[in-house]
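*Asks:* my questions concern the predicted model and sequence given below.
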Amino acid sequence: MDDIVLMALIATLGTWFVTALGAATVVFFKSPNPKALNLMLGFASGVMIAASFWSLLQPAIERAESASHLPAYFVATSGFLFGALFMWGSDKIVTFAQRRVSNSPQSENTRFGRIMMLILSITLHNIPEGLAVGVAFGALQNGAYSTEELMGAITIAIGIGFQNFPEGAAVSVPLRREGFSRKKSFLYGQASGMVEPIAGVIGAWLVVYVETVLPYALAFAAGAMILVAVHELIPECQKNQEAHPYFATMGIVSGFAVMMLLDVMLG
């Protein structure tokens, strides 16, 4: 069981590392290539949408049917909605705090407050993403997991890692534009991903040691991932697409197809 938690820790340390790579772009570039970021965000959203079903919701339904005293549809739906509501609530809290800062008198502290709100927003989004990775690895707890289940957990970590790269840049680049040094911009940018290993270990530990939580946790992670993909990633990757209107869309389709191919091929 401890091996499963360790695997979740290693995977989420990897996603944190990708956040740090994204933040490190501020050292080499004033701003990342918009087309590359849009493609990466699109690909990540496609992976996350596909993983939400094949690697999270479908296993949640199967495990609820075999182990839960409640109907599988209730377990999957309630967990999914709670995950989405958790993300919605965290976003509302950040938005409220941002408005309070924006309405304050202009000052150096206000500028710093806006920067902190940006970091907090990205950090809050990283919590359910870390939980999703932890839960996916925690589902391997029986020790006799299949190649499909292992690849599902790994691809979730890869998909989240892909979308963490632009998130790291989304923090460090504005900081650099505000006059922070490259070193400080990088440190703040990578810090937004530090919660993922913590959340990943918590998610894996809960699933491993509180087995009845597993179907709900899988569905929760799916709801959180769908909300992030649909509300954050897809609109962001579709910005400034007048010259190449289908560029990011092909990234979404490609990400979904790759995840679907892996799950079906290994199934």
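*Replies:* Nice, I can see it.
*Asks:* which secondary element of this structure has the worst mean pLDDT?
*Replies:* Taking mean pLDDT, DSSP states H and E as the measure, the helix or strand of the chain with the lowest value is helix 108-138, at a mean of 71.
*Asks:* buried ones in the helix or strand following that helix?
*Replies:* Using DSSP states H and E, the helix or strand that follows helix 108-138 in sequence is helix 147-177. Residues of helix 147-177 classed as buried by neighbour count (16 or more other C-beta atoms under 10 Å): 148-149, 151-176. Yep, even glycine has a C-beta here, placed from its N, CA and C like the rest.
*Asks:* so where is the stretch 151-267 of the chain shaky, pLDDT-wise?
*Replies:* For the stretch 151-267 of the chain, the stretches flagged by pLDDT under 70 are 174, 177-178, 240-244, 266-267.
*Asks:* quick one: the helices in it, in order.
*Replies:* Using DSSP state H, counting those that start in this stretch, the helices of the stretch 151-267 of the chain run over residues 182-191, 195-209, 214-227, 234-237, 247-266.
*Asks:* tell me which of those helices lies nearest to Thr25.
*Replies:* Thr25 lies closest to helix 182-191 among those, at 8.8 Å (C-beta to C-beta).
*Asks:* list the contacts of the closest one.
*Replies:* Here helix 182-191 makes contact (C-beta atoms under 8 Å, 6 or more residues apart in numbering) with 16, 19-20, 22-24, 26-27, 115, 119, 123, 168-169, 171-173, 175-176, 180.
*Asks:* buried ones in that helix?
*Replies:* By neighbour count with 16+ other C-beta under 10 Å, helix 182-191 contains the buried residues Ser185, Phe186, Tyr188, Gly189, Gln190, Ala191.
*Asks:* how about stretch 247-264?
*Replies:* Judged by neighbour count (16+ other C-beta under 10 Å), stretch 247-264 contains these buried residues: Ala248, Thr249, Gly251, Ile252, Gly255, Phe256, Val258, Met259, Met260, Leu262, Asp263.
*Asks:* same question, stretch 231-249
*Replies:* When neighbours are counted by 16+ other C-beta under 10 Å, the buried residues of stretch 231-249 are found to be Glu232, Leu233, Ile234, Glu236, Cys237, Gln238, Gln241, Ala248, Thr249.
*Asks:* I'd assumed Ser52 was in contact with Met260.
*Replies:* No. In this structure, Met260 sits apart from Ser52 without contact. The criterion is C-beta atoms under 8 Å, and the distance is 11.8 Å.
*Asks:* coming back round to it: with distance to Ile226 added, can I get the buried residues of stretch 231-249 in JSON lines?
*Replies:* Compiled in JSON lines, the buried residues of stretch 231-249 are given as follows (distance: C-beta to C-beta, whole Å):
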{"residue": "Glu232", "distance to Ile226": "11"}
{"residue": "Leu233", "distance to Ile226": "11"}
{"residue": "Ile234", "distance to Ile226": "11"}
{"residue": "Glu236", "distance to Ile226": "15"}
{"residue": "Cys237", "distance to Ile226": "16"}
{"residue": "Gln238", "distance to Ile226": "17"}
{"residue": "Gln241", "distance to Ile226": "22"}
{"residue": "Ala248", "distance to Ile226": "18"}
{"residue": "Thr249", "distance to Ile226": "18"}
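*Asks:* now, which of those residues sits nearest Ala136?
*Replies:* The closest of these, once distances to Ala136 are taken by C-beta to C-beta, is Leu233, at 18.5 Å.
*Asks:* contact partners for that closest one?
*Replies:* Leu41, Gly42, Ala44, Ser45, Met48, Gln163.
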